[in-house]
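[1] Here's a sequence, model it:
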Amino acid sequence: MILSNLKDSINFAVESINRTPVREHNGVRYQIFENFFDISFLKKLEQIKDTDVKLELLEMQEKQNRRLVSYAEPVSKNLQVFFHSSKIINALKKKFNCVSLVPKTTDMWFDYKEYQIKPHIDEGYQLQLQIYLNNEIQPPTAFYEKLNGIYNVFDSAEYKSNYGYCLYNSGPSWHGMTDKVISGKRKSVFARFE
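    Model prediction:
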């Protein structure tokens, strides 16, 4: 995948970050995106098929039915460049009032039948951003509050291509899928920032 008009695509994502309000619920801060990538970049990501790229197991989820597109693949290299853009980092820093923000790895994931990640808190980075890449009927990522050992959903990011969320790991920021993947493929991009 060759990135043409990378500057325009990055600028579009920056505008998506800037125009999307930060929501807050009991100390949890997050954004819910609609139309995150520009159409050109989105189409290139949507066209990546799991049969055309090398897939690997995701660290700490080796027994789960999720596969990571190898970092050696051109699409993964392009995603690293995209989410390491100083424009994107500065937009997220400003939106979430971060003193510093350092980009880490960006993944493309394929989740298959029976995959589910239950409510959890991510550790090791302060911000995560996930954008979905197909229009199948799949379970969304939901945000939970934990009361007396019970997880209650207070918001979720609709599963639809080019929709997603950015979550600041504070609050505590419990999140997970509302259900298992029943069929098809749940495809997304997941970017981490320390």
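[2] In the helix or strand harbouring Asn18, which residues are buried?
    Using DSSP states H and E, Asn18 sits in helix 6-19. Across helix 6-19, burial judged by 16 or more other Cβ atoms under 10 Å covers 9-10, 12-14, 16-17. C-beta here means a position set from N, CA and C on the backbone, and glycine is covered the same way.
[3] Export these as a markdown table, with columns for distance to Ser156 and pLDDT.
    Formatted as a markdown table, the buried residues of helix 6-19 follow (distance: Cβ to Cβ, whole Å; pLDDT from 0 to 100):
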| residue | distance to Ser156 | pLDDT |
| --- | --- | --- |
| Ser9 | 26 | 96 |
| Ile10 | 27 | 97 |
| Phe12 | 24 | 98 |
| Ala13 | 22 | 98 |
| Val14 | 25 | 98 |
| Ser16 | 19 | 98 |
| Ile17 | 19 | 98 |
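[4] follow-up on the earlier one: next secondary structure element downstream of the helix holding Asn18?
    strand 23-25.
[5] Neighbouring strands of that next one in the sheet, and parallel or not?
    According to DSSP bridges, strand 23-25 forms sheet pairs with strand 28-34 (antiparallel).
[6] what's the angle from the strand it pairs with to helix 6-19?
    Counting by axes from the mean of the first three to the mean of the last three Cα atoms, to 10 degrees, strand 28-34 points 130 degrees away from the direction of helix 6-19.
[7] could the buried residues of helix 6-19 go into JSON lines alongside distance to Arg23?
    Converted to JSON lines, these look like this (distance: Cβ to Cβ, whole Å):
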{"residue": "Ser9", "distance to Arg23": "25"}
{"residue": "Ile10", "distance to Arg23": "24"}
{"residue": "Phe12", "distance to Arg23": "22"}
{"residue": "Ala13", "distance to Arg23": "19"}
{"residue": "Val14", "distance to Arg23": "19"}
{"residue": "Ser16", "distance to Arg23": "15"}
{"residue": "Ile17", "distance to Arg23": "14"}
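[8] tell me which of those is nearest to Gln138?
    Closest approach to Gln138 among those (Cβ to Cβ): Ser16, at 21.2 Å.
[9] sorry, back to before: so how far is the helix holding Asn18 off the chain centroid?
    Centroid separation for helix 6-19 versus its chain: 16 Å, with Cα atoms, centre = their mean, to the nearest Å.
[10] got the residue ranges for the helices in the protein?
    6-19, 39-46, 74-83, 86-96 (DSSP state H).
[11] Point out where the protein drops to low pLDDT.
    1-4 (pLDDT under 70).
[12] Mind listing the residues bridging to the residue nearest the centre of the chain?
    The C-alpha lying nearest the average C-alpha coordinate of the chain belongs to Gln130 (Cα atoms, centre = their mean; 0.9 Å). Taking DSSP bridges as the rule, Gln130 bridges to Tyr165, Phe190.
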